[in-house]
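> Any chance you can model this:
(one chain, ligands or ions: 1)
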Amino acid sequence: MSESPSPTPQAAATPQAAAATPQAPALRARGLGFRFRSRAGARWALRDCEFALPAGRITALVGPNGAGKTTLFHLATDLLRPTEGAVEVFGHTAGTPEARGGVAFLAQDKPLYPRYTVEETLRLVSRLNKRWDHKGAEDIVRAGDIPLSARVGTLSGGERTRVALALAMGRRPGLLLLDEPLADLDPLVREEFMGTLMAEVLDRELSVVLSSHVLPDIEHSCDYVLLLKDGHIHLAGDADELRATHTLIKGRADHPVPDHVVHARTSGRQLTALVRTGGSGTVPGDWATESPTLEDVLLGHLRAHATADASAAGTAPSTAEGAAA
Ligand SMILES: Nc1ncnc2c1ncn2[C@@H]1O[C@H](COP(=O)(O)OP(=O)(O)OP(=O)(O)O)[C@@H](O)[C@H]1O
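I've put the predicted structure just below:
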């Protein structure tokens, strides 16, 4: 891991508690847009984003590569400033001392000093944060059997993720933003990591937004979903509600396809489709129906996105993969 100028940039943020407005969403976007400018020209990474993520929940932030997930985290933590609109943390505009004090960010590359021991790293970050829970941070490290005397550079990817989580949690944030924290963890450590996170949510009334491409891990741990595509909000809502308002159907491919199909595909003579049923669960026609998992719902919407892209590029498969979101 390369040495970086500052471990956990957000750890140096103003250590001031966010006086959370009661009932204020943990994270809210109002007409939020961000445009990168480069030599190649300007490009919108996020546009017209409107959402309110409820407090005390674990929100899954999902979307294809380049959808704008990291950009959203950077806007929420004031590493970037909106080109248009605004983003708020517990009702406070991102970048204000109240917002900065209430949010901790675990970045994808988890910047840490490799030559420091774990203990030195915790002490360094504790000095930068008045509101620091040293025991809580150490407990998270110890739960992973990581010696405090170990040099960060000698830790595995999963162990570094745990140390970075301890640094973020030590700041006692109201909102924790995790950018693909599961990417370098093996399945057992992933399960353990999500268990630690869920316990923290319950014990500390923490709100979490977690970006991930690992959909099965989201299934049992996330209770709210935000799906981004091409910098726009494609889907947002309570996980149970999303399961209840979609239905999986299977049947003969030569049957007329029902309304509100999110995504359909054929295999031989069989058609399988994800349909928005608005909660009734009923689909007219001769179809076998099944309740979808959250993964089914997200895959359906992600595939719809991929197919729409392929169609636009003239490369859509010639099967019945038509999609209507
Ligand atoms: N520094 C930059 N300069 C110009 N464009 C950028 C920059 N960083 C990101 N982008 C572009 O902004 C868009 C959103 O990028 P972002 O990293 O937010 O996506 P993401 O959803 O986090 O992707 P991934 O899942 O691959 O991590 C992409 O089109 C990306 O190419």
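
> Which elements pack onto the helix or strand hosting Thr247?
Assigned by DSSP states H and E, Thr247 belongs to strand 246-252. Strand 246-252 sits against strand 270-276, strand 288-290, helix 294-312, with contacts defined as 3 or more CB pairs under 8 Å, 6 or more residues apart in numbering; DSSP states H and E. C-beta coordinates here come from the backbone N, C-alpha and C atoms, glycine included.

> got the CA coordinates for that strand in PDB?
Presented in PDB, the C-alpha positions along strand 246-252 are these (Å, rounded to 0.1, in the frame of the first residue of the first chain):
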ATOM      1  CA  HIS A 246     -41.700  -6.900  -7.300                       C
ATOM      2  CA  THR A 247     -42.500 -10.500  -8.400                       C
ATOM      3  CA  LEU A 248     -40.400 -13.000 -10.400                       C
ATOM      4  CA  ILE A 249     -42.400 -14.800 -13.100                       C
ATOM      5  CA  LYS A 250     -41.500 -17.900 -15.100                       C
ATOM      6  CA  GLY A 251     -43.400 -19.300 -18.100                       C
ATOM      7  CA  ARG A 252     -43.400 -20.000 -21.800                       C
END
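
> Partner strands of it and their direction?
Applying DSSP bridges, strand 246-252 is found paired with strand 270-276 (antiparallel), strand 288-290 (antiparallel).

> So which residues of the stretch 101-250 of the chain form strands?
For the stretch 101-250 of the chain, the strands defined by DSSP state E, counting those that start in this stretch occupy 103-106, 175-179, 207-211, 224-229, 232-238, 246-252.

> export these to TSV and tack on mean pLDDT and distance to Leu167?
TSV is the format used below for the strands of the stretch 101-250 of the chain (pLDDT from 0 to 100; distance: least, CB to CB, whole Å):
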stretch	mean pLDDT	distance to Leu167
strand 103-106	93	8
strand 175-179	95	11
strand 207-211	95	16
strand 224-229	96	25
strand 232-238	96	29
strand 246-252	93	38
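
> Using a markdown table, lay out those strands together with mean neighbour count.
Formatted as a markdown table, the strands of the stretch 101-250 of the chain follow (neighbours: other CB atoms under 10 Å):
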| stretch | mean neighbour count |
| --- | --- |
| strand 103-106 | 25 |
| strand 175-179 | 25 |
| strand 207-211 | 25 |
| strand 224-229 | 23 |
| strand 232-238 | 17 |
| strand 246-252 | 19 |
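
> out of those strands, nearest to Thr71?
Comparing these by their distance to Thr71 (CB to CB), the top pick is strand 224-229, with 9.3 Å.

> Residues of the chain that sit close to the ligand?
Taking CB under 6 Å from any ligand atom as the contact definition, the chain meets the ligand at 36, 38, 43, 45, 63, 65-71.

> Now do the same contact list for the nearest residue to Val209 once chain neighbours are set aside.
Distances taken as CB to CB, 6 or more residues apart in numbering place Thr59 nearest to Val209, at 4.6 Å, with adjacent residues excluded. The contact partners of Thr59, by CB atoms under 8 Å, 6 or more residues apart in numbering, come to 26-27, 53, 207-210, 222-226.

> again, only using 10 Å
26-27, 51, 53, 175, 177, 207-211, 218, 222-226, 236, 239 (CB atoms under 10 Å, 6 or more residues apart in numbering).

> rewinding a little: any chance of the strands of the stretch 101-250 of the chain in a markdown table, with distance to Ala76 too?
Converted to a markdown table, these look like this (distance: least, CB to CB, whole Å):
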| stretch | distance to Ala76 |
| --- | --- |
| strand 103-106 | 6 |
| strand 175-179 | 6 |
| strand 207-211 | 8 |
| strand 224-229 | 12 |
| strand 232-238 | 14 |
| strand 246-252 | 28 |
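
> Of the ones you listed, which is nearest Gly31?
With CB to CB as the measure, strand 232-238 is the member of the strands of the stretch 101-250 of the chain nearest Gly31 (11.5 Å).

> any idea of the angle the closest one forms with strand 224-229?
For strand 232-238 against strand 224-229, the angle by axes from the mean of the first three to the mean of the last three CA atoms, to 10 degrees is 170 degrees.

> Identify the residues contacting strand 232-238?
The contact list for strand 232-238, computed with CB under 10 Å, 6+ apart, reads 29, 32-33, 44, 46-54, 57, 59, 62-63, 67-68, 72, 223-229, 242, 244-245, 262, 297-298, 300-302, 304-305, 325.

> switch the cut-off to 7 Å
47-51, 223-228, 301, 305, 325 (CB atoms under 7 Å, 6 or more residues apart in numbering).

> Next, give me the two most distant ones among these.
Arg47 and Asp223, at 27.0 Å, using CB to CB across these.

> can you list the weak-confidence ranges in this structure?
In the predicted model, the chain carries pLDDT under 70 at residues 1-22, 279, 281, 305-325.

> the domain parsing of it - what is it?
Using automatic domain parsing, the domains assigned to the chain come out as 9-239, 245-312.

> With that, I have no additional questions.
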